[in-house]
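J.: Next comes the sequence, and after it the predicted model I'd like to discuss.
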Amino acid sequence: MQKLLIKGGKKLSGSISISGSKNATLPILASTIFSKRITLSNVPMVKDIFTMAQLLEFIGLKIFLNKKNNSLKIFNKKRNLNTLAPYKLVKTMRAGILVLGPLLAKYRSAKISLPGGCAIGTRPVDLHLFALKKLGAKFKIKNGYIFATAKSGLKGNKINFPKISVGATENAVLAGFWAKGRTVLTNCAIEPEIIDLINFLKKLGGKIKVVKRKIVIDGVNTVKNISYRIMFDRIELGTYMIAGALAGNKLILNKVDPKIIKTEIKFLKKMGVKLLIKKDKVVLTKSKNLRSISLKTNPYPGFPTDLQAQMMVLMTKAKGVSKIQETIFENRFMHVPELRRMGAIIKINKNIAEIHGPTRLSGAEIMATDLRASVCLVLAGISAENRTIINRIYHLDRGYSNLEKKLRKCKATIRRI
Ligand code: UD1
């Protein structure tokens, strides 16, 4: 099994080009079920994208991946696709559930494996099914699969989500895109990745409007052949911003739109992190005397749960008691025992973590548990004294493109063994 070996204490300097967004690419790929010929650029070359591509190939699309220029060409020539998403392809990547909306809308039936449990919480799909039912779908759950049908096709309706969900909003937008008539979604998630999906669908021919947390979709039944550039990965950017705050001399993060990460910038500035915001880049310089803060994870434009673990590492360096309240997932503090092994002082009470600082972290052998927890351990290793060995790093490859290469270019000592 592969491990990461990090020699901590090195100062980071140089520039990193932020990759395209994994979480924007996944629903956009699911939507190619409606299309004929699509070219996507700025696609991050990470495992989750390869898994989604495999799933689409299983369904019957042809996908050509160009790893050198980060692009994907997708051809959908078959009149009838296979409407099955098998367990082996959905179990490692929950986003497999996103093909449910498009398959149901276009082919009126689908059999999708239930994604199953996940390390960070139970992660049910009831909200996805709730929305699709409102559009006329019927479901049976048997042998771990969702059997979905919409005999006379999906029809537009009003859907008010009882809880904000990124994936359920995406599935409803995808279904509404091809449903007959008007679909009005309220209490939606409005993450930038959802806006990217909507921009893609509009270019494809979709008629979609977003007003605050309301999305209005007028269904279509024809599409154009298009090329589309995926937005930057705001979580990757946030991760490297925190790396810069922890260990940066001068770290330049390119190919981004800082307007999208106002909340992250606000909290980092509050802690005393020195950053310069340019039109399409963020520059981190050496930060000293960091201050403790309290934050709560929330749906966008709130502070992202996907950056909570990384932020916790930075809080170990801040003077005083910082607090993080995790409101999205019920079990997202699994990095805490590992950080404690490196010397962090963190107390947990239900969904609130109290981080006491400043502490010196010291290298240790640790275990990665999920994608964002894994990268938080990398950040801890970079800022710790001595050597850190991280086990079970396959999670990192699901979502971070060229992580070691990007960090090594900025003078970190990190290698895979
Ligand atoms: C997406 C992101 C993930 C991010 C999360 C929250 C992708 C591929 N993944 O995940 O990185 O951490 O948003 O920003 O884009 N829930 C239900 N029923 C449902 C669906 C969700 O109760 O049917 C709950 C979940 O358990 C969780 C909360 O709603 O507590 C939010 O989950 P959701 O926004 O749906 O996350 P994902 O779309 O799975």
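T.: Noted; the coordinates are in hand.
J.: what about the chain, any weak spots by pLDDT?
T.: 116-122 (pLDDT under 70).
J.: switch to 80 and redo it
T.: Residues of the chain that meet the criterion pLDDT under 80 lie in 116-123.
J.: Can you say which helix or strand has the closest residue to the ligand within it in it?
T.: Closest to the ligand within the chain is G167: 2.9 Å, counting by CB to the nearest ligand atom. All C-beta spots, glycine's among them, are computed from the backbone N, C-alpha and C. Here G167, judged by DSSP states H and E, is contained in helix 166-178.
J.: Give the next helix or strand downstream of that helix.
T.: strand 182-186.
J.: Can you list the neighbours in contact with that following strand?
T.: Contact with strand 182-186 is made by 131, 135, 156-161, 169, 172-173, 175-176, 213-219, as judged by CB atoms under 8 Å, 6 or more residues apart in numbering.
J.: Just confirm the residue of the chain closest to the ligand contacts H128, I think it does.
T.: Yes. Using CB atoms under 8 Å, G167 is in contact with H128, at 6.4 Å.
J.: Please enumerate the shared neighbours of those two.
T.: I97.
J.: does stretch 290-299 come close to the ligand?
T.: No. Against the ligand, stretch 290-299 shows no contacts by CB under 6 Å from any ligand atom, the least distance being 6.6 Å.
J.: Can I get that stretch in CSV, CA atoms only?
T.: This file holds the C-alpha atoms of stretch 290-299, laid out as CSV (Å, rounded to 0.1, in the frame of the first residue of the first chain):
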residue,chain,number,x,y,z
LEU,A,290,-2.1,34.0,14.1
ARG,A,291,-5.3,34.7,16.1
SER,A,292,-8.0,32.2,17.2
ILE,A,293,-11.4,32.4,15.6
SER,A,294,-14.8,30.6,15.7
LEU,A,295,-16.5,29.3,12.6
LYS,A,296,-19.4,27.2,11.6
THR,A,297,-19.6,25.2,8.3
ASN,A,298,-22.7,26.0,6.2
PRO,A,299,-24.0,25.6,2.7
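J.: who touches it?
T.: Identification of contacts with stretch 290-299 by CB under 8 Å, 6+ apart yields 164, 166, 189-191, 245, 267, 270-273, 302-305, 308, 311, 314-315, 317-328, 355, 357-358.
J.: Would you mind listing which of those residues are buried?
T.: For those, a burial check counting by 16 or more other CB atoms under 10 Å picks out 164, 166, 189-191, 245, 267, 271-273, 303-305, 308, 311, 314-315, 317-318, 322-324, 326, 328, 355, 357.
J.: quick one: which of those residues sit in strands?
T.: In strands, judged by DSSP state E, the following of the buried ones among the contacts of stretch 290-299 are found: S322, K323, I324, I355, G357.
J.: Tabulate the residues you listed (a markdown table), appending distance to K409.
T.: Below are those laid out as a markdown table (distance: CB to CB, whole Å):
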| residue | distance to K409 |
| --- | --- |
| S322 | 30 |
| K323 | 34 |
| I324 | 30 |
| I355 | 30 |
| G357 | 29 |
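J.: what's the farthest-apart pair in the residues you listed?
T.: Maximum pairwise distance among those (CB to CB): 12.7 Å, between I324 and G357.
J.: shared neighbours of these two, anything?
T.: M315.
J.: got a list of what the residue of the chain closest to the ligand touches?
T.: R94, A95, I97, L98, V125, L127, H128.
J.: what's around the fifth one, how many residues?
T.: V125 is surrounded by 21 other residues when neighbours are defined as other CB atoms under 10 Å.
J.: how about the nearest residue to it, chain neighbours excluded?
T.: Spatially, and ignoring its direct neighbours in sequence, V125 is nearest to I97 (5.7 Å; CB to CB, 6 or more residues apart in numbering).
J.: That neighbour: how many residues sit nearby?
T.: I97 has 24 nearby residues by other CB under 10 Å.
J.: now do K91
T.: Counted with other CB under 10 Å, residues neighbouring K91 total 17.
J.: what does the domain assignment say about this protein?
T.: The record's domain parsing of the chain by automatic domain parsing lists 4-19+232-416, 22-229.
J.: Please state the backbone phi and psi of K111?
T.: Main-chain dihedrals, K111, degrees, to the nearest 10: phi -130, psi 110.
J.: can you redo the contacts of G167 as JSON lines with distance to the ligand and secondary structure?
T.: Shown next, in JSON lines, are the contacts of G167 (distance: CB to the nearest ligand atom, whole Å; DSSP: H, G, I helix; E, B strand; the rest coil):
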{"residue": "R94", "distance to the ligand": "6", "secondary structure": "helix"}
{"residue": "A95", "distance to the ligand": "4", "secondary structure": "helix"}
{"residue": "I97", "distance to the ligand": "8", "secondary structure": "helix"}
{"residue": "L98", "distance to the ligand": "8", "secondary structure": "helix"}
{"residue": "V125", "distance to the ligand": "4", "secondary structure": "coil"}
{"residue": "L127", "distance to the ligand": "3", "secondary structure": "helix"}
{"residue": "H128", "distance to the ligand": "5", "secondary structure": "helix"}
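J.: who's in contact with stretch 205-213?
T.: With CB under 8 Å, 6+ apart, stretch 205-213 has contacts from 164, 173, 177, 186-188, 190, 195, 198, 201-202, 215-218, 220, 222-224.
J.: In helices only, show me those.
T.: Members of the contacts of stretch 205-213 lying in helices (criterion: DSSP state H): V173, F177, I195, I198, L201, K202.
J.: from what I can see the fifth one touches A30, true?
T.: So the one you mean is L201. No. Applying CB under 8 Å, one finds L201 not in contact with A30, separated by 11.0 Å.
J.: what residues are shared contacts of the two?
T.: Taking CB under 8 Å, 6+ apart as the criterion, L201 and A30 both touch L174.
J.: Point out the residues in this protein that sit beside the ligand.
T.: By CB under 6 Å from any ligand atom, the part of the chain that sits against the ligand consists of 23, 26, 94-95, 121, 123-128, 163, 165-168, 189, 305-306, 328-329.
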